[in-house]
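[1] 3D model of this:
(one chain, ligands or ions: 2)
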Amino acid sequence: MAKTHIQLTINGKAIEALVEPRTLLIHFLREDQNLTGPHIGCDTSHCGACTVDFNGRSVKSCTVFAVQADGGDILTIEGIANPDGTLNALQEGFREMHGLQCGFCTPGMITRAWRLLQENPHPTEEEIRFGIAGNLCRCTGYQNIVSAIQYAADRLAGGTIKEAAE
Ligand code: FES
Ligand code: FES
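    Ligands and ions are numbered 1, 2, ... in the order given. I've put the predicted structure just below:
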């Protein structure tokens, strides 16, 4: 199948690639770019394990074709840490508040929460629960995930969450 040339930014790095028009963004990230943080949980737009940030919005990368990302700016869990390599407040929150068990949903959950806190640095519990409604967790019962996001919001109060990979 003929391939299409795409140029995009992933975690602050300029990327050029040839992709088949049918290639999903999640497969491009995992298989071509070796970014295996975003997971494939359902492949049908239900679970949110594949969530990445795309041009300032959270998207389920199993529902986006790689060619649609041409010219775009993508952030995955691999780009979430602070530029000096330390954990950002969300990662720290998930660790401190036990926001994960098996960890399968965690990359998508943290990436989604990152965008949530960009848009609303002081979310209520209800706003957090609504904000992560598209991300399913089969383990935690969600309470610790909510606490982890609250922890990050508190930590960041008075400052702003760092733009990752910049
Ligand atoms: Fe994309 Fe489940 S793998 S939503
Ligand atoms: Fe296991 Fe969320 S920690 S799915």
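[2] How about the contacts made by the residue most central in space within the chain?
    By C-alpha atoms, centre = their mean, the chain has its centre lying nearest to Thr111, at 2.6 Å. Taking C-beta atoms under 8 Å, 6 or more residues apart in numbering as the criterion, Thr111 is in contact with 38, 51-53, 58, 75-77, 80. To be clear about C-beta, it is placed using only N, CA and C from the backbone, and glycine gets the same treatment.
[3] Considering those residues, which is situated nearest to Ile128?
    Ser58 (13.6 Å; C-beta to C-beta).
[4] Any residue of the helix or strand where the closest one lies touching ligand 1?
    Using DSSP states H and E, Ser58 sits within strand 57-60. Yes - on the criterion C-beta under 6 Å from any ligand atom, strand 57-60 is in touch with ligand 1 at Lys60.
[5] looking just at contacts, which helices and strands does that strand meet?
    Judged by 3 or more C-beta pairs under 8 Å, 6 or more residues apart in numbering; DSSP states H and E, strand 57-60 is in contact with strand 51-54, helix 106-119.
[6] which of these sits most buried?
    Sort these by mean neighbour count, taking mean count of other C-beta atoms under 10 Å, and strand 51-54 sits at the top with a mean of 26.
[7] Run me through the strand neighbours of it, direction for each.
    According to DSSP bridges, strand 51-54 forms sheet pairs with strand 57-60 (antiparallel), strand 73-75 (antiparallel).
[8] Out of these, which one sits most buried?
    Mean neighbour counts for these (mean count of other C-beta under 10 Å) peak at strand 73-75, with a mean of 22.
[9] Beyond that strand, next helix or strand please.
    Heading C-terminal from strand 73-75, the first helix or strand you meet, by DSSP H and E, is helix 89-96.
[10] Between the two ends of stretch 39-55, what distance do you get?
    20 Å (C-alpha to C-alpha, to the nearest Å).
[11] anything in it near ligand 2?
    No - using C-beta under 6 Å from any ligand atom, stretch 39-55 stays clear of ligand 2, coming no nearer than 7.8 Å.
[12] All set now, cheers.
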